[in-house]
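A.B. asks: Below: sequence and its predicted model.
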Amino acid sequence: MSEATAETVEIPSAYDIPVEDIMPVNASLWSQHRWIEYFERLRAEDPVHFNQTEGNGRFWSLTRYEDIKKVDSDWQNFSSAHGITLGLPTDAELPEGALGITTFIAQDPPVHDVQRKTVTGVVAPANLVELEPLIRERTCRVLDSLPENETFDWVDTVSIELTTMMLATLFDFPFDDRRKLTRWSDVTFAIPQPGGIIESEEERRQEFLDCLDYFTRLREERLQKPGSDLVSMLAHGKDTRDMSPMNYLGNLLLLIVGGNDTTRNSMSGSVYALNKFPEQYDKLIANPQLIPKMVAELIRWQTPLAYMRRTANNDCEIRGKQIRKGDQILMWYASGNRDESVFENANVLDIERPNSRQHLSFGFGIHRCMGNRLAELQLRILWEEILPRFEKIEVQAEPSRTFSSFVNGYTHLPVKLKRK
């Protein structure tokens, strides 16, 4: 399916089709921003929703907050070891040519715990204190370089640039090559299609091997001259220094996506949301002390990763539905964050929402996002520097959105600004 075709596929009203025919992983629902009404219907009528396809086998969609939180917190019964996105049935063989990549987020304890612990130090509170001046200096530099009274793309000029510079620092990655990190992040979950980010699985495979080759060279360098970066941590950690190439690649891609897609789409989403709810923008301008609350609420409202997958370790029951051992379970964070039983007027951005920090976007339990504080820090600094500089950042047209049901993001956001 081409990008043009993907964008023009006609999506019926959520209430014009039988509820059992709803397919939440339809990427067009997300690229056309039509997912909200579909999940409203599922929460109301079929909160544990079943689908079965030839390629993916049996899978269930959880759409209510409490069900998602319960499954996410129970790694003993709901495993991550078969992948975090909708994939092959657990008993299926890998297709010919597949790389067999593994990551610590797609592992259960004890493997998950020791590999995660190896790299957690890079986002420890003390390290974030050290990083803050650098993040602020770069943010100021990017914002000061923006054109005035001229339409430009916020996604590429600000969101991608700031997050990619941060990633380059965390990996101690050659700065002039930093956009390679953006590319590898985009390739990781892209749906192959003519004219798309990638056109085939073979193209993805080759780009992953290029990524592995590049980082293998960096690893050799850090074995000789270690630093405090992620590559050095993986190279010297007692639980990661002997990992296989595909495990090394998997953990690199996980850290790249975790540091890129999530923060960059929250940065873009913050500008879009505050334009969509101008009274909230006015409130923020009048009281910049609300920035930390705005950050939490924005991450709830945007939900940059729409879902995470688990796999049932045993036959079980959720809301009376019979889940079989080996069934895939998709925990739709984006839906849980719009659950009216938890968040009143959930589709509205409310920067003074009292329970916004209870959002699902970072996950729960052992897989809770390790970089959540860094993401919040980058967003907070961005808005602390935006407010004194600009009257308002004005969105000029609806954004283009990522063709993906996993990454809930933006590919283009045209804006115009006026300096104070």
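C.D. replies: Structure's in. What do you need?
A.B. asks: Going by C-alpha atoms from here, please, whenever you check contacts or count neighbours.
C.D. replies: OK.
A.B. asks: Give me the phi and psi for residue 414.
C.D. replies: phi -80, psi 130 (degrees, to the nearest 10).
A.B. asks: need the contact list for the closest residue to it other than its chain neighbours.
C.D. replies: Distances taken as CA to CA, 6 or more residues apart in numbering put residue 153 closest to residue 414, at 4.6 Å, once the chain neighbours are dropped. Taking CA atoms under 8 Å, 6 or more residues apart in numbering, we find residue 153 in contact with 412-415.
A.B. asks: So, low pLDDT: which residues of the stretch 101-250 of the chain?
C.D. replies: 101-123 (pLDDT under 70).
A.B. asks: ranges for the strands of it?
C.D. replies: Assignment of strands within the stretch 101-250 of the chain using DSSP state E, counting those that start in this stretch yields the ranges 152-153.
A.B. asks: Make a markdown table out of the contacts of residue 153 and add pLDDT, distance to residue 292 and neighbour count.
C.D. replies: Formatted as a markdown table, the contacts of residue 153 follow (pLDDT from 0 to 100; distance: CA to CA, whole Å; neighbours: other CA atoms under 10 Å):
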| residue | pLDDT | distance to residue 292 | neighbour count |
| --- | --- | --- | --- |
| 412 | 97 | 26 | 18 |
| 413 | 98 | 23 | 23 |
| 414 | 98 | 25 | 18 |
| 415 | 98 | 23 | 21 |
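A.B. asks: now for the residues you listed, which pair is the farthest apart?
C.D. replies: 412 and 415 (9.7 Å; CA to CA).
A.B. asks: what touches both of those two?
C.D. replies: With CA under 8 Å, 6+ apart as the test, residue 412 and residue 415 both reach 153-154.
A.B. asks: what's the burial count for residue 31?
C.D. replies: 25 (other CA atoms under 10 Å).
A.B. asks: Let me know whether it touches residue 403 as I believe.
C.D. replies: Yes - the pair residue 31 / residue 403 is scored as a contact, 4.9 Å apart, by CA atoms under 8 Å.
A.B. asks: gap between the two ends of stretch 350-360?
C.D. replies: 16 Å (CA to CA, to the nearest Å).
A.B. asks: ok, and for it, which residues are buried?
C.D. replies: For stretch 350-360, burial by neighbour count (16 or more other CA atoms under 10 Å) applies to 350-353, 356, 359-360.
A.B. asks: Against which helices or strands is the longest helix seen in the chain packed?
C.D. replies: Determined from DSSP state H, the single longest helix within the chain is helix 245-276. Using 3 or more CA pairs under 8 Å, 6 or more residues apart in numbering; DSSP states H and E, the elements in contact with helix 245-276 are helix 161-171, helix 179-188, helix 201-224, helix 278-286, helix 291-302, helix 372-386, strand 390-395, strand 410-412.
A.B. asks: Which residues belonging to it are considered buried?
C.D. replies: For helix 245-276, burial by neighbour count (16+ other CA under 10 Å) applies to 246-275.
A.B. asks: do stretch 194-204 as well
C.D. replies: Buried-residue list, stretch 194-204, by 16+ other CA under 10 Å: 196-199, 201, 204.
A.B. asks: same deal with stretch 187-196?
C.D. replies: Buried residues in stretch 187-196 (16+ other CA under 10 Å): 187-193, 196.
A.B. asks: Give me the residues contacting it.
C.D. replies: Residues contacting stretch 187-196 (CA under 8 Å, 6+ apart): 1-3, 197-201, 204, 207, 253, 257, 403-404, 406-407.
A.B. asks: May I have that stretch exported as CSV, CA atoms only?
C.D. replies: Provided in CSV are the C-alpha atoms of stretch 187-196 (Å, rounded to 0.1, in the frame of the first residue of the first chain):
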residue,chain,number,x,y,z
VAL,A,187,13.0,2.1,10.2
THR,A,188,12.5,0.0,13.3
PHE,A,189,8.6,0.0,13.3
ALA,A,190,7.9,1.3,9.8
ILE,A,191,5.4,-0.6,7.7
PRO,A,192,7.0,-1.5,4.4
GLN,A,193,5.1,0.2,1.5
PRO,A,194,6.1,1.8,-1.9
GLY,A,195,7.3,5.3,-1.3
GLY,A,196,7.3,4.7,2.5
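A.B. asks: Start the count at 30 instead of 1 going forward.
C.D. replies: Fine by me, first position is 30 from now on; the one you just mentioned is stretch 216-225.
A.B. asks: quick one: it to chain centroid distance?
C.D. replies: 16 Å (CA atoms, centre = their mean, to the nearest Å).
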